[in-house]
Each structure stands twice: as C-alpha cells, then as structure tokens.
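1. just need the structure, nothing else, for what follows:
(2 chains)
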Amino acid sequence: MTDSHQKDGPTRRSFLAGSAVAGAAALTGTAARATDPDPAITEVQPWARYLGDGVDARPYGHPSEYEAQVVRRNVEWLTADTTSSVNFTPIHELDGIITPNGLCFERHHGGIAEVDPAQYRLMINGMVDRELIFTLEDLKRFPRENRAYFLECAANSGMEWRGAQLNGCQYTHGMIHNVMYTGVRLRTLLEEAGVQPAGEWLLAEGADASAMTRSIPMEKALDDCMVAFKMNGEALRPEQGYPVRLVVPGWEGNMWVKWLRRLEVGDQPWQQREETSKYTDLLADGRARRFTWEMDAKSVITSPSPQAPITHGPGPMVLTGLAWSGRGTIPRVDVTIDGGINWVEARMDGPSWDKSLHRFYYEFDWDGSPMILQSRAHDSTGYVQPTKDALRDVRGENSIYHNNGIQTYAVAADGSVENVEIA
Amino acid sequence: MSKSLKLLLTAATVAGLGAVAQAQTYGLGREALPEEVAAWDIDVRPDGLGLPEGSGSVLEGEDIFLERCASCHGGFAEGAGRWPPLAGGQGSLSSDDPLKTIGSYWPYLSTVWDYVHRAMPFGDAQSLEPDEVYAITAFLLYMNDVVLDDQFVLSNENFTDIHLPNEDGFFMDDREESPLFPPHDVCMTNCADSVEIVMRANILDVTPEDAAAREARAAVAAGTETAAAEEPATQEPAVDENAIDMELAAEGERLFRQCAACHQVGEDARNRVGPILNGVVGRHAGAVDGFRYSGPMTDAGDSGLIWTPEEIDAFLENPRAYMNGTRMTYRGLDDADDRAAIIEYLRTQE
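-> Take a look at the predicted model:
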C-alpha cells in the first residue's frame, strides 16, 4: 500500500496542480502555463532508467498494475451465494465497443462448470431425421462465421424499477458485454440433423449444475443464432461457457445457454423454470408477459458517471456512453446536460453493427456549474428509448426485467456524479 | 460452384419452417444411441411428455424435503434467509410486494417436477430418484394449498389433472403494441420549463464500496473478532476434552438438519454435496476418500489443518470468510451456542 502511494505520489500532485491551471486557461482558449518544471519530465523515471521484465515474464498478458480497480464487482446483498449470483462489467472504465474477455459480467445459476473439452459432447435430439452427437472437433469442421453481438441480461437495471438505487453504471447497466464470436451457424447444425416439419421449437440445455434450459422458436434458431467456441479470438472463458455457448443475437442473455450440451427439437415450448418462474414480466395488474425475448433499445452515459466523476475541472470535456438495440442498429443518440430541457445529437463513432454495442460521444466546454445528464437512443426501427416514468406507466414497478428507461445523473460543481431521478 | 448454387437453391425454394431437411449436410458427427438420448433428455412438458413412471406422497415428500431442501428453502418451503421461497404469496401479485412462488405464480406443475429433478438440491443436482421427485412435488402442492389432503399421492397417472392457480396469468409478449413502441418525433429544444431532482441513490446507500475500502473495513473487523474469539478459548483448558455433554449433543442433532442437505453421518453415510462427517472432529481437513474437495480445502489439509472444535467453530460461523474458495455453499451459523451444539453432536459420530 505504501508502495503504490510512492508510485503515484509526485506525478499525481503535479497532475492536479497542472490541470487546475489548464481548466482555467481552457475557458479562454489558450494553453495553460506552468510555474515550476514538472518533475515527471525533469526527473528520470525508474522505468526510463532500469530494464523492465523481458519477454515471457507474462506469457499471458495482464493489464497494468495501475488498472487494478477495473474489475467485475458483485452486489453482495442481492443473492444468498456467489454460485447463484451475478457480477457486473465495469463499463464506466471501458471505451470503444468490445468488452475484454476477463471483464464480461458473469451470471451463474450453479457456479462455473469446468468442462473438459475432450469430454465435451453436443447432442441434437427430438423431432429430427437423425439424432446426432458432435465432439468439439466435429463442430470446428463446419464453416464458421465471425459476428460481434451484445449480450444483455434481461434483469439489467432491474434494481432501478422503484427508483434510483445503485450509484454507478457498473451496477445499474453492467449486465452487458459485447464480444466478437467465432462459431458455426446454428442453422448449419440443425440442417445436419434434419429438422422435421412439425419442429417449431428448440430447447437449448447447458452442462452446468443448473442444467440451464430455454425454449427458442425455430424461426430465430434458423435466423441468426450461432454455436460459438471463440470470443474475441480466443477460446470462451470458463465463466462464459467454455468450450461452447449459444449466441442468440438481440435476445435476453439467459437464452444464450453456456456450456451448451444439448439441442432438442419439439412442437411446443417446454415452459422451463427460466421462462415461467423467471424471465416473465409481472405487470401492475398481477398478470405477466411471457416470452419477452428482444432487448429494447437502450443507452447509458458511461463517463462521467458516479464511479467516473469529472476530476479535471471546467473546460473541454468528453461525455461518452453506450447504446444498443435487440432489433437492429443505433443510428442516433440524443444527449442533454440540463435534464432534458434541451437536447443535442451525440456523435456516433466506431462500427455500427446489427445487435452490437454502439459508442457515442459529446464533446463540450463545461462551465463548472451543476448538470443533469441523460442520453436517449433511437434504433433502426424508429423506436425511441422511453423515460423511466413513461415505462412505469405501462409496466408498473414489479417487472424486474426489461427496464430500458432513460438514466439520469446529477453532476455537482465539484464534478461528483450521482444516480438520480427527475420530474 | 455447384455446392453454393445448391445452397442458394435450397434456401430459395424452401423458405418455410422445418423444411430445412433437404439442405446441405456435411456428414459430421455420429448418430446418438438411445441410451445416450435417454440419459440427457430429461425434460418434462406441461402435457406430461417426458414424465417417467413413478409416484410419491405428501408425507414421503415432507421427509425428503426436510432432509434435503429445508436448509435453504425452510421447513415450510417459505425460504430461509435470501434463498428462494417456494410457497405462499397467493393474492400478492398485484401488490407492491409480490411474492412469486409455485402456488402464487408458476403456471405449470411440470416445471416443478422438471426443475427439481434437473437442478435441485442445489449443489447435488440430478441425485433424486423419480419417486422422490413425485413425493417432493406432492409436498410442495400441499404446502401451497393446491392439494389439501395430506394423504395425497402424485404419480405419472394423475399428474396432468393438477393445474396450478396462476395458469391463466400469462400472455404472449405484446410490447410492440404498447404506445411506447411506434416511431415518433422527439422534442429537442425548450422541452420543459424546469426540472427537479426527486430521488437520489446516495440516500439509500446500498452501493458496494470499492474493494479497497471494503477490505480495509473487513481487516479491522476481523482483527477485533479474532481478539474476542480467542479470549474464551484460552479460559477453557480446564474442561475435560473427552467428556461429551449429551444434552448439548442432542440439541446439536436437531440443528444438524441444516447440514443434512449436504452431509451424512452414521453407519450408512455416503458422500453427498459435502463429505461424510463421521469422525471429523480431530481429523485432518479434506481427508475423506473419494470426495472431490475444493483446491483450498485440499491445500489446508495438506498443510496440516486439523478440525479441532475451535477450527470447526470458526469455519461454521462463516465458511467463505474462513476459507476463501471453499465449495461449502452454506451461509454460516451466527449463534455460537448452536455451533457448539453441532460440534458436540459431531463428536458423538465416530
């Protein structure tokens, strides 16, 4: 601990001193002027003098030790045990649209299955011409494709139905990740088995201790689903379903069965626990929607945000965030800094892929006064992200799932940020 | 070229569902054997498809439930701690505090049978025989007032006659018909006169702090706790190690119910979710043959951890805090007297 203090001591102090000047100067549009020379420049830093580690010191590379705070976190009071629980992607620390493998949020119903790839089998059974078994090697002999898709848990933002509760987009919006998958089209495998005409439903089952199961309509299965074995180029991580998971683009994360071991074709849905007791949306009148598969369009500002406050004072700043839709792409995001009185269109940057995360930016000069921030996504179907109140009007407060309402942050003059709701 | 042409043709001519049978195949994989399909295809549908033959009564179910489920779900299936409740909540769905259980919310009984059989007891999945699952399901129907007769026997014969109260409480996703759905213009300037903050997350204060702060606090707490725990321990050397307090042990036997979901003791004891606990007091940690311990438990045993009453006491108070990474998913026993009683009972199990 004293060690890390020494490491960032002098540099941090000079950085803060320098930035106060920079902030003041920026308002007038001229660069800051330093009074004392910066020791970060005038003193030879240890890394500039001594040799560092050689190759092979880190056969599998890790982030810099200064990034140790960039980790998944859970909310302990939410669940009885970590083996039936969730943790959250630190989206406030990330940029671009791809989530690093080690930071993709985890949701397990029976802990992480450690599947031996040599013992891995995928079975296709039920209403097919040939009931088949594939090994991992068999799967890798089918034609492959590469696609980036977001995976959002249907319960993302589920703790916020009754109002602002958790202070940080990691917790309110972090049940999401966006990964480039490599795998085989599910359609290719189903064709190999020969789906019979009455086979309108597919049951996907996992090999973990919860034997996770979900019913998927055949139309979706034959459309864009994938059976994936790589994420961002390398093997799936154990916590993401190693060696094989299902990819169900745009649809709720629970359906993306991890450790996929079986696909059964049938003529009716199976009404499994995860599509009756869970993942059904209770409305105010006590009735519930079932089979709410698509993830509605949504956006969130990732910085500034409660865990990523403004530390640089007034002047030029970058506001950024993520937007996505289970029904297509995001051509437009609006941003407000005055609580929705006036809006501007944010600048979209990076690839705009179907059912993938989109990155937006809004660069402006902050005058140092308090702000109320919101973002509002428009998807390629024309759907507009609703306010939380508009959503509550039609859904009540008991839904748990599919909360895609507009997120609000209050920024104080000191740059700190809080999760709030406005009227 | 001919290959891709063939693909194109099949795609164009058979666009309908299920008509993919004629599409290109690669001859990969092998045919599944009936035994293999039977081993994995254990799902049960509302129409009863997939139910094996068998039966079980409410009273049989109660015994099994108390032994294998109650430690987490409560003796009346009402739920213990933050583990899920399985009964109650009828009439609560439209209230501010809906309680979703088998009796109040679940649409189909087949889901109970299927889920208990595939996933419970938590940590020892697929260890129940069909008759046991019928019995547990009958017991859960009874606890939810769906059947009122405690002599009721559920079987594959009468299964589909039973309907859960909330079967009609569900409807297909119709979000796209909601007024929120159609594309519409949005206001961009002067959209409101003023805005007011009406709710703040800081007031609730339920957000986890960052790890460093939490660790610092935990370290402080751990320091004071060990100091407090050590004192009585050093005052006790006068007690005869071998004398067993039978009254305390009897109390422990009763309390052991919450361990019995995972551990067995006695002559016919088998390893379940947790290892056999015969003779555990005074034994090396991680020493039961044929049980797959976690890495940390094996390491602790290898480096000489002995299950003295003091060590078991510390372990039971908070297993995860005592041993980071242990596979014992038990929330811990706060009451020191209860822990002492259970340890006394374990001492009687040689």
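2. around the closest residue to chain B within the stretch 251-400 of chain A, how many other residues sit close by?
-> As assessed by C-beta to the nearest C-beta, chain B sits closest to A:G382 within the stretch 251-400 of chain A, at 2.6 Å. (Glycine included, C-beta is placed from N, CA and C.) By other C-beta atoms under 10 Å in any protein chain shown, the residues close to A:G382 number 14.
3. cool, and A:S85?
-> Using other C-beta under 10 Å: A:S85 sits among 17 other residues.
4. check A:P197 too.
-> By the criterion of other C-beta under 10 Å, A:P197 has 13 neighbours.
5. okay, which residue is most central for the chain?
-> Using chain A here. Taking C-alpha atoms, centre = their mean, the centroid of chain A lies closest to A:I176, which sits 2.2 Å from it.
6. not what I meant, chain B
-> So for chain B, C-alpha atoms, centre = their mean, it's B:F122, sitting 3.8 Å from the centre.
7. A:G52 belongs to a helix?
-> No - according to DSSP: H, G, I helix; E, B strand; the rest coil, the state of A:G52 is coil, so it is not within a helix.
8. residues near the closest residue to chain A within the stretch 101-250 of chain B, how many?
-> At 2.6 Å from chain A, B:P183 is the closest residue in the stretch 101-250 of chain B, using C-beta to the nearest C-beta. Burial of B:P183 is recorded as 10 neighbouring residues (other C-beta under 10 Å).
9. OK, contacts around it?
-> A:T381, A:G382, A:Y383, A:V384 (C-beta atoms under 8 Å, 6 or more residues apart in numbering or on different chains).
10. got the phi and psi for the last one?
-> Backbone dihedrals for A:V384, given as degrees, to the nearest 10, come out at phi -120, psi 130.
11. neighbours around it, how many?
-> 20.
12. setting aside sequence neighbours, what's the nearest residue to it?
-> A:H378 (5.4 Å; C-beta to C-beta, 6 or more residues apart in numbering or on different chains).
13. does the one you found really touch A:R327, like I thought?
-> No - counting by C-beta atoms under 8 Å, A:H378 stays clear of A:R327, with 11.6 Å between them.
14. which one of the two has more residues nearby?
-> Neighbours per residue, other C-beta under 10 Å: of A:H378 and A:R327, the larger number sits with A:H378, 21 against 17.
15. which residues does that one contact?
-> A:A297, A:I330, A:P331, A:R332, A:V333, A:D334, A:V384, A:Q385, B:V186.
16. quick one: which of those is most hemmed in?
-> A:Q385 (28 neighbours).
17. skipping its backbone neighbours, what lies nearest it in space?
-> For A:Q385, the closest residue by C-beta to C-beta, 6+ apart turns out to be A:A377, at 4.4 Å.
18. follow-up on the earlier one: okay, and the beta partners of the residue nearest to the centre of chain A?
-> For A:I176, the beta-bridge partners under DSSP bridges are A:E152.
19. so who does it touch?
-> So A:I176 contacts A:T89, A:I91, A:T99, A:F105, A:F150, A:L151, A:E152, A:C153, A:N156, A:L322, A:W324, A:L357 (C-beta under 8 Å, 6+ apart).
20. got the buried residues for stretch A:196-209?
-> For stretch A:196-209, the neighbour count (16 or more other C-beta atoms under 10 Å in any protein chain shown) marks A:Q196, A:G199, A:E200, A:W201, A:L202, A:L203, A:A204, A:E205, A:G206, A:A207, A:D208, A:A209 as buried.
21. can you narrow those to ones near chain B?
-> With C-beta under 8 Å from any C-beta of the partner chain as the criterion, the members of those in contact with chain B are A:Q196, A:G199, A:E200, A:L203, A:E205, A:A209.
22. just give me the closest of these to A:A228.
-> A:E205 (16.2 Å; C-beta to C-beta).
23. show the pLDDT at that closest one.
-> We have a pLDDT of 98 for A:E205.
24. same check, this time on B:A321
-> For B:A321, the predicted pLDDT is 86.
25. make sure it is indeed in a strand.
-> No - read with three-state DSSP, B:A321 is helix and lies in no strand.
26. against A:E76, how distant is it?
-> 12 Å (C-beta to C-beta, to the nearest Å).
27. same question for B:A250.
-> 35 Å.
28. those two: which has the busier surroundings?
-> Using other C-beta under 10 Å as the criterion, B:A250 and A:E76 rank with B:A250 on top: 14 against 10.
29. with adjacent residues omitted, what lies nearest to that one?
-> B:Y345 (7.7 Å).
30. report the helix or strand with the lowest average pLDDT across chain B.
-> One helix or strand of chain B scores below all others by mean pLDDT, DSSP states H and E: helix B:211-234, with a mean of 37.
31. ok so A:F105 is a helix residue?
-> No - per three-state DSSP, A:F105 lies outside any helix segment and is coil.
32. pretty sure it sits against A:S85.
-> No - if you go by C-beta under 8 Å, A:F105 and A:S85 don't touch, sitting 10.9 Å apart.
33. shared neighbours of these two, anything?
-> Between them, A:F105 and A:S85 share no contacting residue, judged by C-beta under 8 Å, 6+ apart.
34. how about the strands of the stretch 101-250 of chain A, start to end?
-> Taking DSSP state E, counting those that start in this stretch, the strands of the stretch 101-250 of chain A run over residues A:107-108, A:122-126, A:132-134, A:145-152, A:176-185, A:201-206, A:213-217, A:226-231, A:234-235, A:245-247.
35. quick check, the first one touching chain B?
-> It stands for strand A:107-108. No - using C-beta under 8 Å from any C-beta, we find that strand A:107-108 stays clear of chain B, coming within 11.7 Å at best.
36. circling back to that earlier point, the residue nearest to A:Q385 contacts A:G326, doesn't it?
-> No - with contact defined as C-beta under 8 Å, A:A377 does not count as touching A:G326 (11.7 Å).
37. those two: which is more packed in?
-> For A:A377 versus A:G326, neighbours defined as other C-beta under 10 Å are more numerous around A:A377 (27 against 22).
38. quick one: pLDDT of the more buried one?
-> So A:A377 comes in at 98 (pLDDT).
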